[in-house]
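A.B. asks: make a model of this:
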Amino acid sequence: MRPGTILSFGLVSLGAAMVLLPFVWMVSVSLKPHNEIFTPEVTLLPQQPTLANYWQALTETDIPLYLLNGVIVTGGILLLQLLITVPCAYALAHRRFPGRALLFGAVIAALLVPFHVTAIPIFLAFSQVGLLNTYAALILPFIATAFGLFLLRQAFAQIPAQLIDAARVDGMSEMGIAWRVAFPLGLPTVIAFSIFSVTAHWNDLFWPLVATTSPELATPPRGILFFRDEESGDDIGPLMAGATLITAPLIIGFLLAQRRFTQGLAGAGLKR
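C.D. replies: Now for the predicted structure:
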């Protein structure tokens, strides 16, 4: 094996270890009894593994409710994002209309604007119409996504124009082409975008802190704050068990969709 290959492998392994170490430590602490957590020695593997921390996290806190809220919010956001983004991306890729290039430039410019810039106007508007402290307040600000529109437009632009014309000749409507031709062909990119969307909004803490105050509407990161402050305090074991339960769905989902995710990113290159 060449020295360059060995060096590259070593650097990749080091980077992977640095990224994975906090997660491994989190799972390790969640399986340790209390007397093994606060010791002078640092041990990665628990000497007496226990699931008591998980039982406490599930029975003495509202972790199941936080997970359910996370599914409702991220699922609602993703569904509405796709309903809006797929037809818009198809129109930008395969329809000719005045101002199309200018509109696409505006989409790219919108990528540069962080959500925090618009958070205060959105908060004030929701306050006026009485939407704060609702699921709608957690979902509606994110249904228009410049990133998703850009990513899917790039994927749909790679579909041959002859295929789109053939569908039109067969009498298919433009909306039908978007959902029955472009959407299936761009499915790897759609899956890649879905992973980005679910991960971002599952882990989002800023907007739930701003838009909601009720514990019944807490998403997983917001719920962890309630759990830490009100239930566990210095009881680190159940806290780490709760964090593991909240992180596990994302890891499992990514592992199941890993191949499609890679294909989607490769298929959304900056062509055309």
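A.B. asks: mind listing what the spatially most central residue of the chain touches?
C.D. replies: Geometric centre of the chain, nearest residue: T199, 1.8 Å, by C-alpha atoms, centre = their mean. When contacts are counted by C-beta atoms under 8 Å, 6 or more residues apart in numbering, T199 touches 250, 254. Yep, even glycine has a C-beta here, placed from its N, CA and C like the rest.
A.B. asks: mind telling me what element L245 is part of?
C.D. replies: helix 236-256 (DSSP states H and E).
A.B. asks: so what secondary structure elements neighbour that helix?
C.D. replies: helix 3-30, helix 34-37, helix 52-59, helix 63-94, helix 187-202, helix 220-226 (3 or more C-beta pairs under 8 Å, 6 or more residues apart in numbering; DSSP states H and E).
A.B. asks: can you classify V210 as helix, strand or coil?
C.D. replies: helix (DSSP: H, G, I helix; E, B strand; the rest coil).
A.B. asks: contacts only, for it.
C.D. replies: 119, 123.
A.B. asks: apply 6 Å and report the result again.
C.D. replies: By C-beta atoms under 6 Å, 6 or more residues apart in numbering, the contact set of V210 is F123.
A.B. asks: roughly how far does it sit from P121?
C.D. replies: 12 Å (C-beta to C-beta, to the nearest Å).
A.B. asks: quick one: neighbours of G10, just the number.
C.D. replies: Per other C-beta atoms under 10 Å, the neighbour tally for G10 reads 10.
A.B. asks: if you could redo that for P220, that was the one I meant.
C.D. replies: 28.
A.B. asks: okay, now V12: neighbour count?
C.D. replies: 10.
A.B. asks: give me the element G105 is part of.
C.D. replies: helix 100-110.
A.B. asks: in that helix, which residues are buried?
C.D. replies: Neighbour-count burial for helix 100-110 flags V107 (criterion: 16 or more other C-beta atoms under 10 Å).
A.B. asks: what of stretch 35-51?
C.D. replies: In stretch 35-51, the ones that count as buried by 16+ other C-beta under 10 Å are 36-37, 46.
A.B. asks: centre of the chain to that stretch, how far?
C.D. replies: 32 Å (C-alpha atoms, centre = their mean, to the nearest Å).
A.B. asks: what's in contact with it?
C.D. replies: 28-29, 31-33, 236-237.
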